[in-house]
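Colleague: Need a 3D model of the sequence below.
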Amino acid sequence: MSILKEILMQLFFALAPFVIYNIYYRDKIRNYSRSFIIITSSVCLFLSMTFASSAVDGFIFDIRYVIMFFALVYGGIQTGLILLVEFVIYRLYLGGEGKWIAMVILICTFPLSILLYKMYKNTQRKSLITFIAGIFFSIIPLILTYQYNSNYVIEHLTFHIFVNPVQNSIGIWLLMSLFNKSVSDKEIFIKIGRASCRERV
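Modeller: The predicted structure is shown next:
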């Protein structure tokens, strides 16, 4: 599979919650639920890991951190923990040489995701936090993988400095901005609908 196809596939998985949301809630007079976030995020996490980008068998890279951050922001800590458990179980099942470094990366990125989630909730500069998250989700795996197996990273340097950062940075920006816009538009739609109902009464 070409690099472009790998990136596009991961971006598709990243945007899937936004697409599903717009289809499922299009004509509903209510906004998303935690159950919706859990189900869509879990499915997208599973698919992104199943069809992950990989330069070498055993080392897989996908948009897992993007999906987990999205789940934290819109589903809360409990939703994030559910995805955390899903990731650990499935990554260990997939196996390969990179499974243990994947766990180390997760130990670093998940607490950071919680911190960024709290910052995201308490600031008006949401785009900046989203940008910072995308950068961290690209740099941390690169640094830790290099520490674990520098020869592997050097041999596939283009993959690590282009494919992974692009799919993480673009994926998180598109998903968070588009989903946030849809949720905001839905809130306005709901308020207008309720106001119209009160006027009729």
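Colleague: give the contact list for Ser41.
Modeller: Shown in contact with Ser41 (Cβ atoms under 8 Å, 6 or more residues apart in numbering): Pro17, Ile67, Met68, Phe70, Ala71, Gly75, Thr79, Leu83. From N, CA and C alone the C-beta is placed, and that goes for glycine too.
Colleague: same check, this time on Lys121
Modeller: Lys121 touches Val73, counting by Cβ under 8 Å, 6+ apart.
Colleague: hang on, the earlier thing: reformat the contacts of Ser41 into JSON lines and put secondary structure, pLDDT and neighbour count next to each item.
Modeller: Shown next, in JSON lines, are those (DSSP: H, G, I helix; E, B strand; the rest coil; pLDDT from 0 to 100; neighbours: other Cβ atoms under 10 Å):
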{"residue": "Pro17", "secondary structure": "helix", "pLDDT": "95", "neighbour count": "25"}
{"residue": "Ile67", "secondary structure": "helix", "pLDDT": "96", "neighbour count": "29"}
{"residue": "Met68", "secondary structure": "helix", "pLDDT": "95", "neighbour count": "27"}
{"residue": "Phe70", "secondary structure": "helix", "pLDDT": "97", "neighbour count": "30"}
{"residue": "Ala71", "secondary structure": "helix", "pLDDT": "96", "neighbour count": "29"}
{"residue": "Gly75", "secondary structure": "helix", "pLDDT": "95", "neighbour count": "22"}
{"residue": "Thr79", "secondary structure": "helix", "pLDDT": "96", "neighbour count": "21"}
{"residue": "Leu83", "secondary structure": "helix", "pLDDT": "96", "neighbour count": "25"}
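Colleague: Helix or strand for Arg91, just tell me which one.
Modeller: helix 77-94 (DSSP states H and E).
Colleague: Asn151 too?
Modeller: Counting by DSSP H and E, the element that carries Asn151 is helix 150-155.
Colleague: Do a quick rundown of the helices in this structure.
Modeller: Taking DSSP state H to define them, one finds helices in the chain at 3-24, 34-50, 64-75, 77-94, 99-121, 126-148, 150-155, 157-158, 164-200.
Colleague: could those helices go into JSON lines alongside distance to Gly58?
Modeller: Shown next, in JSON lines, are the helices of the chain (distance: least, Cβ to Cβ, whole Å):
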{"stretch": "helix 3-24", "distance to Gly58": "16"}
{"stretch": "helix 34-50", "distance to Gly58": "13"}
{"stretch": "helix 64-75", "distance to Gly58": "16"}
{"stretch": "helix 77-94", "distance to Gly58": "9"}
{"stretch": "helix 99-121", "distance to Gly58": "8"}
{"stretch": "helix 126-148", "distance to Gly58": "12"}
{"stretch": "helix 150-155", "distance to Gly58": "10"}
{"stretch": "helix 157-158", "distance to Gly58": "18"}
{"stretch": "helix 164-200", "distance to Gly58": "16"}
